[in-house]
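**Student:** need a structure here:
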Amino acid sequence: MTDLPRRFVWLMLAAGVVLVAALISFLMDLAEGQSRAPLTVVDVEGVWSASDGGRLTVRADGSAELERVMEPEAGCGQSAGQVHLSYTGPATWVFDTWPDEPPGIRFDYQAGAAGKSCKVYLSVSISDETGSVGFLPHDPEPSYMRGAAHPG
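**Tutor:** Below you'll find the model as predicted:
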C-alpha cells in the first residue's frame, strides 16, 4: 500500500469517528431536553421577584400582573421619566418557550395608547438547590426568584 491510500484510509476513519461522536452528542442533547418534565401551573404560580424591583405575579387562572418589566421591544413600555422604559400593569400568561431557552411562560399585554400587543417570555429553571429561578431572554439580568405559591 502506498502512502496516499494509507492516508486516505486514516482520514476516512478519523472522519467517521468524528461523525459518530457528533451524532452521539446530538442524541444525548435531544434526550436531555426531553427528560425534563413539562412545567405545570404549580411550577409557575406565585410572585417572581428580581433584585432590580421587577416583579411578576402569576395566577393559576391565567392572569398576571407585571411590575417594572423592561420592555421587550420598542413601544412595549411606559415612559415614567426613566432612562429605560418598563411596563407595569395587567397581563395574561400561557406556557410557551423562547427559542433555544428552557421551557417557560409567555406574558401577553397591551401597551401604549395605541394598545400595541406585546409579549414577554420568562424562561424557568427548577432545581432542588436553587428552587424556581427564571430570566427574561430579552433582559437576562437580573434573575427572577419565585416566592409564595399563592399570590394575593
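**Student:** distance of residue 51 from residue 144?
**Tutor:** 9 Å (Cβ to Cβ, to the nearest Å). Placement of C-beta: from N, CA and C, glycine included.
**Student:** lowest confidence element among the helices and strands of this protein?
**Tutor:** helix 3-35 (a mean of 76; mean pLDDT, DSSP states H and E).
**Student:** helix or strand right after that helix?
**Tutor:** helix 41-44 (DSSP states H and E).
**Student:** Distance from the chain centre to the next helix or strand after that next one, please.
**Tutor:** As assigned by DSSP H and E, the chain's next helix or strand after helix 41-44 is strand 46-50. For strand 46-50, the gap between its own C-alpha mean and the chain's C-alpha mean amounts to 15 Å (Cα atoms, centre = their mean, to the nearest Å).
**Student:** One more: stretch 110-129?
**Tutor:** Worked out by Cα atoms, centre = their mean, stretch 110-129 lies 10 Å from the chain centre.
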